[in-house]
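Q: Need a 3D model of the sequence below.
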Amino acid sequence: INAEYMGHQMTEQGLPPTTATSTRALTAFAKPHDSETVRLFDSMKVDGPAPDITTYTILLSYYAGKGDSTVHAVLEELKGLFELNLEVFNTMLKYCAVISDKHASLRTFEELKMKPELVPTIETYNALLSVFAESGDELVFKIFEEMNAYGIKADRSTFSLLIKHKKGLECLRSMAERMLLLPELAELLALVEAKS
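A: Have a look, this model is predicted:
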């Protein structure tokens, strides 16, 4: 069974697919089948129902996860149709992490910050941190500081990103000393350091 078959069956039953059902199908069927993602999206553009921002974001995420530069064309098309939301920015930051593009990640983050209606979340900061953590870049500490200044606490994903790298470990130590880590993460850090 694939998304196209499901859409055909729905239409035969007198229930033509809506954008919402087609987007759900894209999510459900497309992930394991690479070609299905693009095919279903293209079918929606030609035959309807028209893709919405969620549909575009799924396609954007598909290309971003692969590190495929087609992400730029999809983003430009999306910009022409919709106002970018936080999920789009987070997806683009994840793409920057996949391709290890520090400059693009900073540009994307600055563009996000210029939209006062969009407030970065822990997912945003984790995506940004993942670009810099592996290289041990000094920006890791600044990003972490900014995150904490906005009252965003590190979660398990943040901890996992940072614990592997020297600069990240230094950030975690500093945050633990200033009691800015969630108690469970401070305990994990203590355990890691005790075993080192």
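
Q: Residue 141: which element?
A: Assigned by DSSP states H and E, residue 141 belongs to helix 139-149.

Q: For the very next helix or strand once past that helix, buried residues please.
A: Using DSSP H and E, the helix or strand that follows helix 139-149 in sequence is helix 156-163. Neighbour-count burial for helix 156-163 flags 158, 159, 161, 162, 163 (criterion: 16 or more other C-beta atoms under 10 Å). Quick note: C-beta positions are derived from backbone N, CA and C, even for glycine.

Q: Next, the angle helix 139-149 makes with the helix or strand following helix 156-163.
A: Once the chain leaves helix 156-163, the next helix or strand it forms, by DSSP H and E, is helix 166-177. Between the axis of helix 166-177 and that of helix 139-149 there is an angle of 30 degrees, by axes from the mean of the first three to the mean of the last three C-alpha atoms, to 10 degrees.

Q: residues making contact with helix 166-177?
A: Contact partners of helix 166-177, identified using C-beta atoms under 8 Å, 6 or more residues apart in numbering, comprise 129, 133, 136-138, 140-141, 144, 148, 154, 159, 161-163, 181, 185-186, 189-190, 193.

Q: pLDDT averaged over the helix or strand where residue 96 lies - what is it?
A: For residue 96, the host element (DSSP H and E) is helix 86-98. For helix 86-98, mean pLDDT is 95.

Q: Only alpha carbons, please: show that helix as PDB.
A: Output of helix 86-98 as PDB, limited to C-alpha atoms (Å, rounded to 0.1, in the frame of the first residue of the first chain):
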ATOM      1  CA  LEU A  86       9.500  28.200  13.700                       C
ATOM      2  CA  GLU A  87       9.400  24.600  12.400                       C
ATOM      3  CA  VAL A  88      10.800  25.700   9.100                       C
ATOM      4  CA  PHE A  89      13.600  27.500  10.800                       C
ATOM      5  CA  ASN A  90      14.400  24.500  13.000                       C
ATOM      6  CA  THR A  91      14.400  22.300  10.000                       C
ATOM      7  CA  MET A  92      16.900  24.600   8.200                       C
ATOM      8  CA  LEU A  93      19.100  24.600  11.300                       C
ATOM      9  CA  LYS A  94      19.000  20.800  11.300                       C
ATOM     10  CA  TYR A  95      20.000  20.900   7.600                       C
ATOM     11  CA  CYS A  96      23.000  23.200   8.500                       C
ATOM     12  CA  ALA A  97      24.000  20.600  11.100                       C
ATOM     13  CA  VAL A  98      23.800  17.700   8.600                       C
END
